[in-house]
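*Asks:* below is the sequence, then the predicted model.
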Amino acid sequence: MTQSVNVEVVTSGSAECWFRAISAADPEPEQLGRLQQLLAGGSLNPHLRLIIERDGIPFGRMAAQIKEGAVRFWLPSFRLGTSAEIRQKAMERLVDELLVLRLELKLNQLCVETRPGDDLPDNAFWLATLRTKGFAETAAYKVYVLHLDKPSEPRTVQPELRTVSVDRTRDDRIISLYKRVNVKTLERRDLQLDQPARYLESLAELGLGRNHSTWILATRSGHDVGYALANQARRDGFPGMGSWLLELGCVVEERRTGIASALVVEVAKRLRIAGCRWLFSTIDEINLPSVSLHTKLGFEALPGRHYVYRLS
């Protein structure tokens, strides 16, 4: 059977995926330009659509859109009645298209993040195809949300703990602290410890950007011991302004002393003042201490698991 894939423009889709092109070395400017041109420029602006055909008749699709430095993919969807064998082969063809893109851009890694997928009829096919093509699951996590309109419970204040806002003059302190915090962590995502400055700068641009961020440092006895980094952003299905807790960390020797809780409470207080109604956080499912912390602070898990598959 011969299948063909055509590229067209699309303006809608369902069941999101995120596709991140990650390079261990600095990508060449023309490579980034090629990615931007392919997925967000020219006649494809702002979407790319892959149509799967059989005998000239379309029966499936996969869409993509560039957003916040990542490439957002929709999980493949197919006409009702399409056989399992044909769906499997079509998904293999779609993944092959991603692998061609990887070769064109000379990328060292591909990372595909599916969101959420558990209740979708083709999710098992999709994950199986990724594994067949050499991708390995590196993480599975959930999104948690805190309703900031609800009053928070009073918590014990730690007189010796101080929190200060982070600005450009404190970037070096954040970078140094970030490396110390992540020497030991349960998070399985790529923390980019070899390029912390670049990673933190990319975080600053997420959502509404650094001008709408709440980044704070925690200090004890004059020493930096933790941080919480949050950026404002809107999320479908949640009215009003929200914010993502991008990073939350504490140095190893000060863990389980209430610093992380104090940081989240302080961030939530500042976000309420700024008019935010929601605080979102993503947590790797194996990070049980973080799950426990968020739950005790009033966060609730949203439905669906998110998977991260990486091809090295």
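*Replies:* All right, it came through fine. Keep in mind that what you see is a predicted model, and the values were worked out from it rather than measured.
*Asks:* drop to CA atoms for contacts and neighbour counts, all remaining ones
*Replies:* Noted.
*Asks:* ramachandran coordinates for L302?
*Replies:* phi -80, psi 160 (degrees, to the nearest 10).
*Asks:* which ones are touching it?
*Replies:* Contact partners of L302, counting by CA atoms under 8 Å, 6 or more residues apart in numbering, are 142-145.
*Asks:* wait, which of the residues you listed is closest to E205?
*Replies:* Comparing these against E205 with CA to CA places V143 closest, at 20.1 Å.
*Asks:* test my guess that the closest one contacts L279.
*Replies:* No: applying CA atoms under 8 Å as the test, V143 and L279 come out as separate, 10.3 Å apart.
*Asks:* any regions of the stretch 51-200 of the chain where pLDDT drops low?
*Replies:* Flagging of the stretch 51-200 of the chain using pLDDT under 70 yields the residue ranges 56, 63-75, 101, 105-109, 114-121, 151-159, 168-170, 188-192.
*Asks:* 80 - rerun?
*Replies:* Scanning the stretch 51-200 of the chain for pLDDT under 80 picks out the ranges 51-77, 93-94, 97-125, 138-140, 151-159, 167-171, 186-195.
*Asks:* would you list every one of the helices in it?
*Replies:* Applying DSSP state H, counting those that start in this stretch to the stretch 51-200 of the chain gives helices spanning 84-105, 123-132, 171-181, 196-204.
*Asks:* mind checking which of those is nearest G240?
*Replies:* Taking the helices of the stretch 51-200 of the chain one by one with CA to CA, helix 196-204 is closest: 21.1 Å.
*Asks:* out of the helices of the stretch 51-200 of the chain, nearest to K269?
*Replies:* Between K269 and these, the tightest spacing by CA to CA is seen for helix 196-204, at 20.2 Å.
*Asks:* contact partners of the following helix or strand past the closest one?
*Replies:* On the C-terminal side of helix 196-204, the nearest following helix or strand under DSSP states H and E is strand 213-220. Contacts to strand 213-220, defined as CA under 8 Å, 6+ apart, come from residues 160-167, 174, 204, 224-232, 259, 263, 267, 270-271.
*Asks:* between V143 and L279, tell me which one has more neighbours.
*Replies:* Neighbour count, other CA atoms under 10 Å: between V143 and L279, L279 has more, with 25 against 20.
*Asks:* what lines up beside the one helix or strand that one maps to in the sheet?
*Replies:* In this assignment (DSSP H and E), L279 forms part of strand 278-284. Partner strands and pairing direction for strand 278-284 (DSSP bridges) are strand 136-147 (antiparallel), strand 238-250 (parallel).
*Asks:* between these, which one is nearest to D122?
*Replies:* Here strand 136-147 is closest among the strands paired with strand 278-284 (CA to CA), at 17.3 Å.
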